[in-house]
Structure formats: structure tokens, C-alpha cells
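**Student:** quick one: sequence and predicted model below, then my questions.
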Amino acid sequence: MSDNLRMGGRADNLGLSKPAPLPIVRRSRIVPTRLLLVAVFILSSTSILAEDWLQWRGPANDGRSPATKLPASWKADSANVTKVDMPGPGASTPCIVGDRMVMTAQVKADVVLFCISRDGKPLWQRMLGRGEDKYRGDEGNLASASCSSDGKLAFAFSGTGMLGAYAIEDGKPAWEIDCKQVYGAFKIQFGGHWTPVLHKGILYVTLMHRERQTIFAFDAATGKELWKAERKSDGKGESPDVYCSPFLWQKGDKALLIVHGNDYCTAHDLKDGSEVWRVSELNPKANYNRAWRAVSSPLVTPDLIVIPSCKQHPTVAVKPEGLRGNIPASGEAWRFPKTPDVPSPLLVDDVVYLMGAGGQLNALDAATGKLLYDESLTNERHRSNPMFADGKLYLLGREGTCPVLKAGRTFEELAKNKLPDTFTASPVAVDGKLYLRGWKHLWIVSGN
């Protein structure tokens, strides 16, 4: 598969440039040595050990941060608020490595990968290809997937089809693959939004649209394709349009890749992508909805996986250890009749939070799925994932309203904040600061 690797030109320092044609070569000219990966050991569903924000939903990829001394209240003109200009809009959540942040943005039809310092200084920028200006009006664009990092390389995917690894230091590519050229055009209504997931030197990627339902494993250092596996489904209508991303389930020395969408949630062996188990009836056959499409990604923790749905279909929870084959209703931990639709679920202690796309928050008992409370927080669209840190829930709305709640089994709102921007990326909390990536600005909010 090395014939499919592509090398870009130099990294563009700051300003934009037109993307130069990238020749297909047989191997990368920049082959980094094997890197010592940052180890994150999950001792229980409430243990988090990490400093940086190396993947989409944080240290354990579950929407929780160990950061403390975080603010509950802020205003755009507050002394503890700094705003940094963004080159363009995007839903790419900041990937933070030491004193650097990496994310993507779309500038007209161009998608760029860019790096800024933690205090907002521009460091480098490079092209990730060109596509259409917009997909769904004001909803999203080609800069929706978030980056992952091993501390030295940033692994980025763009809706243009470009997948690659780039040096955090200067943006130089270790390798690039034009997935549309190699694996075929994307046939998906609102573009490819799949965030790669990194584990032990292997990058797992899904391409799931109406022409392809495939899981890939690439060597993270070289971009070599290690394996690909076809994911079977009998989904119809819009169901093959999958907008959620893969996640890694880990408990002790066991690990599986969790893939959601196209009517099912499946778990796959990391050695070859073979299917281990499958949860069915997310789009019930007796009441089948041809407009069903998975946007919300599952919450994956060692002892509980919470699987969202869409279009007023259910949310399903399973206890993943030991599951095999097709999981009947009797094998589920619980099934709740509502779903978050776009934001992903969040688990804090013994409570599962489902942040609805229209501003409604459901809190459920994690063991039983019983409703603890149901509150309307905003009248905005919610596209960001909820985030927990420092005992608080941050629930950022698309039009800039961010309710902050005290985590727990009863509803307690601590503050409701407002910023003049559009937000589809998820909140990040590192070292006593919140990073809220808007379409116009990155807002950095300092705590105590």
C-alpha cells in the first residue's frame, strides 16, 4: 500500500497558498522514528491520567478532563478571556500538545491544518486540499474531523479526503494519502467528518458512505495500510451516510475498535478488523426510518458503552466485556427512548448525560437508564459534545450560550454564559483554562 502514500511540499508559514499538486511516490521521504507514545492507563471509569489533549474528546476520549480551577462564569470582555483569530470556520476541536495547538479550518473551498501556541501566536499552516464551500448551509464544512497526536505528529483528516501525519514542530508531512483518489469518491450528503483514532502506533480510520463501508488500520509512522475490513450492513436510505467516528474500547489488556452507524454499533478485533459483536435494532426494523443517519458518536468507557441513535429512536447501553455475536435486547444493560441525535453522551460517576441537539438535557442513572431529570437549557442548536472537568459540566450551544452545571444526580445550574461566535467544536480543558473554538475566534478562558 506504500504506492498510495503522497508527500506534500513545504509547510506554509502562516498565510494561505493554493494547494500544489502532490505527486504519488512509493515511500515517504520523511519517515520518523518510532515514537514513545504517551500512555494513558484507565484504572476505572472515573480515572483519568494525562496533561495534554491528544485526541478529540480528551485524555480518555470520553469527554472528561482532569483539569482543575476552571471558571464557571465568563463574558466576552472579561479580563480572564482572550480571543485568537481563526483562519476560518470548522468543527475541529483543538488538539493540544505541550505549548502548541493543532486544528483544521476551511477558508472558502480550501481546508488548512494550522498550529498556534497556547497563548495564540500563529506558528505554521499548510493545505489539506480543496473541496466545496459549504455542505448544509450554515451547519458544517470540510474541517469537521479533529486531530489526534502521539506527541510528535498530528494525524489529520479532511473532508477533502486528505489523511496525513504532520510534525507538530513545523507541519512537515511524514506521509499523506488522498483517500478519494485511492479508495474512491465520497458519496455522502454532508461530507466526510470521520476523526481518526490512534492506539499503540496504529491509526484507525473509517470511510463510511453510500459507496464504501470500510475500516482501515494504518501504520502511524509511515502511513502503510496494515489491513482493511468491510463492515456489513443492510441499512437503507440515508443510513449509509455515517458522520460519527470510531473509538477504542480498553479494559486491562483487552481492546476493541467500536464503530457506529448504518443501523448498527459494532466491535472489531484490532488485529484484522474482524467483527466481534454487533448491537442491532438502533433503527428498529418494525418502524424503519429511511432518513436515519448516525451523527452522534458512542460514549466508550471500560465498563459501559452508551450508543446514541437519531430521529427520536433509542439510546442503548451495553456492558462490553465478554460480548460476542449479535446482541439481542436481553443482552443490553438498558434502552432509553430518547437520543442526543448530534452531541455524544457523557458519563460522570453514576450519571449518563444526553445533551439533545435542541438544547434539552436528559440525565440518566448509569446502571438502569432511569431518568433522573429532564431540563431545557437553551433554545439553540447544540453541535458540540458536552465536557466534564473540575466537578462541572460544560454544555456549549452553537450560538454561543454555554450553561455550566454542577455534576450530579440532581439539576443545579451554576452559570449561563454567552460569547458572540458560532461553536461546533467541543470544549477543551487543560491546566486551568477552557479552550472554546468558535468559527471566528478561539476563546481562551482562564480560571482561578
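**Tutor:** Looks like it came in fine.
**Student:** got the contact list for the helix or strand residue 156 falls within?
**Tutor:** Element membership for residue 156 (DSSP states H and E) is strand 153-157. Contacting residues not belonging to strand 153-157 are listed as 32, 35, 95, 97, 102, 104, 113, 115, 128, 145, 147-149, 162-168, 174, 192, 194-196, 198, 203, 205, 220 [Cβ atoms under 8 Å, 6 or more residues apart in numbering]. Glycine gets a C-beta too; all of them are placed from N, C-alpha and C.
**Student:** give me the subset of the residues you listed lying in strands.
**Tutor:** Judged by DSSP state E, the contacts of strand 153-157 include 95, 97, 102, 104, 113, 115, 128, 148-149, 162-167, 174, 198, 203, 205 as members of strands.
**Student:** now those: which count as buried?
**Tutor:** Those of the ones in strands among the contacts of strand 153-157 that meet the buried threshold are 95, 97, 102, 104, 113, 115, 128, 148-149, 162-167, 174, 198, 203, 205, by 16 or more other Cβ atoms under 10 Å.
**Student:** how far away is the spatially most central residue of the chain from residue 283?
**Tutor:** For the chain, the residue nearest the mean C-alpha position is residue 56 (4.3 Å; Cα atoms, centre = their mean). Distance of residue 56 to residue 283, computed by Cβ to Cβ, to the nearest Å: 25 Å.
**Student:** still on that earlier bit, would you confirm that the residue nearest to the centre of the chain contacts residue 146?
**Tutor:** Yes - assessed by Cβ atoms under 8 Å, residue 56 is found in contact with residue 146 at 4.0 Å.
**Student:** need the overlap of contacts for the two.
**Tutor:** With Cβ under 8 Å, 6+ apart, residue 56 and residue 146 have common neighbours 93, 195, 426.
**Student:** ok, so of those, who is nearest residue 78?
**Tutor:** residue 426 (21.6 Å; Cβ to Cβ).
**Student:** for that closest one, which non-adjacent residue is closest in space?
**Tutor:** Closest residue to residue 426 apart from its sequence neighbours, by Cβ to Cβ, 6 or more residues apart in numbering: residue 385 at 4.1 Å.
**Student:** check residue 83 too.
**Tutor:** Going by Cβ to Cβ, 6+ apart, residue 83 has residue 441 as its nearest residue, at 4.1 Å.
**Student:** same question, residue 406
**Tutor:** residue 412 (4.2 Å).
**Student:** and that neighbour, how far is that from residue 405?
**Tutor:** Distance of residue 412 to residue 405, given as Cβ to Cβ: 6 Å.
**Student:** packing partners of the lowest-mean-pLDDT helix or strand in the chain?
**Tutor:** Sorting the helices and strands of the chain by mean pLDDT, DSSP states H and E puts strand 325-327 at the bottom, at a mean of 92. Packed against strand 325-327 by the contact rule (3 or more Cβ pairs under 8 Å, 6 or more residues apart in numbering; DSSP states H and E) you find strand 275-279.
**Student:** just the CA atoms of the strand it packs on, as PDB, please.
**Tutor:** What follows is strand 275-279, C-alpha atoms only, in PDB (Å, rounded to 0.1, in the frame of the first residue of the first chain):
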ATOM      1  CA  GLU A 275     -16.300  -8.300  13.800                       C
ATOM      2  CA  VAL A 276     -16.600  -9.400  17.500                       C
ATOM      3  CA  TRP A 277     -20.100  -8.200  18.400                       C
ATOM      4  CA  ARG A 278     -23.000  -6.200  17.000                       C
ATOM      5  CA  VAL A 279     -25.800  -4.200  18.600                       C
END
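**Student:** give the pairing partners of whichever helix or strand comes after it; include direction for each.
**Tutor:** Scanning forward in sequence from strand 275-279 by DSSP H and E, the next helix or strand is strand 299-300. Its sheet considered, strand 299-300 pairs with strand 305-307 (antiparallel) by DSSP bridges.
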